[in-house]
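K.L.:
predicted structure and sequence below. I'll ask about it afterward.
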Amino acid sequence: DAGSYMTDAGCVVCAENSFSGPVADTCTTCDEGKISAAGATAADECFYAPCSAGSYMTDAGCADCAENTYSGDAAEDCVACEDGKISAAGSSSEDACYWAPCSAGNYMTGEGCEECDANSYSGDGADSCTACPDGKVSPAGSSDEDQCYYAPCYAGSFMTPDGCEECGENTYSEYDGAESCTSCPGLRIAPVGSTSEDACYYADCD
């Protein structure tokens, strides 16, 4: 009968993963990668075994899931990782998906990469942003401490290598962003932090 083959001792049922038609002397092995139950009677009864986790079924058998996707056992296709997450080829669960490392100027949060706030910076792969040194500022998304700079000084002060300082006595700076202070004319005096020449005046005579 189909599904068996003739031996000197009589008919023997074809083993698993093979088949035979009627009046067979041998059983034919299923195509590579395919399986069948014992006693299969035709090639149509051979089928691909369910794929293991991390792979999926195709017309040619099991294939690994591509990068950024995953599958469980016996999958017909692979599932894409959540937006912004990545995974290695052949990943077998959603747990294998992870956020891609953040680029410089960003940092990792529980929901992916976010831009560093103003007055801070980060390098590649950062989990947090670093504050600029005291008195310095930077635009949002800064990627290096070199992008931190002292904000322009207000009138009545001037820029030094260490940041803004008030103009000394008897001097003034009239506009924001001054690099130096201007001395009062003549013998006039002015208090610290003066913002215009109008602040200069003659001291009272003794």
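P.N.:
Yep, it's here. Numbers count the residues shown, from 1 in each chain.
K.L.:
okay, CA-based contacts and neighbour counts for the rest of this
P.N.:
Noted.
K.L.:
for Ala2, give me its contacts.
P.N.:
Counting by CA atoms under 8 Å, 6 or more residues apart in numbering, Ala2 touches 20-24, 39-41.
K.L.:
buried ones among those residues?
P.N.:
The neighbour count (16 or more other CA atoms under 10 Å) marks 20-21, 24, 39-41 as buried among the contacts of Ala2.
K.L.:
quick one on the thing from earlier: now, which of the contacts of Ala2 lie within strands?
P.N.:
Members of the contacts of Ala2 lying in strands (criterion: DSSP state E): none.
K.L.:
any chance of the buried ones among the contacts of Ala2 in JSON lines, plus pLDDT and distance to Cys129?
P.N.:
Listed next are these as JSON lines, based on pLDDT from 0 to 100; distance: CA to CA, whole Å:
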{"residue": "Ser20", "pLDDT": "94", "distance to Cys129": "69"}
{"residue": "Gly21", "pLDDT": "91", "distance to Cys129": "72"}
{"residue": "Ala24", "pLDDT": "88", "distance to Cys129": "75"}
{"residue": "Gly39", "pLDDT": "91", "distance to Cys129": "67"}
{"residue": "Ala40", "pLDDT": "93", "distance to Cys129": "65"}
{"residue": "Thr41", "pLDDT": "92", "distance to Cys129": "68"}
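K.L.:
follow-up on the earlier one: can you list the contacts of Ala2 in JSON lines and add distance to Glu145?
P.N.:
Below are those laid out as JSON lines (distance: CA to CA, whole Å):
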{"residue": "Ser20", "distance to Glu145": "75"}
{"residue": "Gly21", "distance to Glu145": "78"}
{"residue": "Pro22", "distance to Glu145": "82"}
{"residue": "Val23", "distance to Glu145": "84"}
{"residue": "Ala24", "distance to Glu145": "81"}
{"residue": "Gly39", "distance to Glu145": "74"}
{"residue": "Ala40", "distance to Glu145": "72"}
{"residue": "Thr41", "distance to Glu145": "74"}
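K.L.:
what lines up beside the helix or strand bottoming out on mean pLDDT in the chain in the sheet?
P.N.:
Within the chain, no helix or strand scores below strand 47-48, which has a mean of 84 by mean pLDDT, DSSP states H and E. Strand 47-48 has its sheet partners listed here by DSSP bridges as strand 34-35 (antiparallel).
K.L.:
as a whole number, average confidence for the partner strand?
P.N.:
The pLDDT scores in strand 34-35 average 87.
K.L.:
low-confidence stretches in the protein?
P.N.:
The model of the chain has pLDDT under 70 over residues 206.
K.L.:
can you do 80?
P.N.:
For the chain, the stretches flagged by pLDDT under 80 are 33, 205-206.
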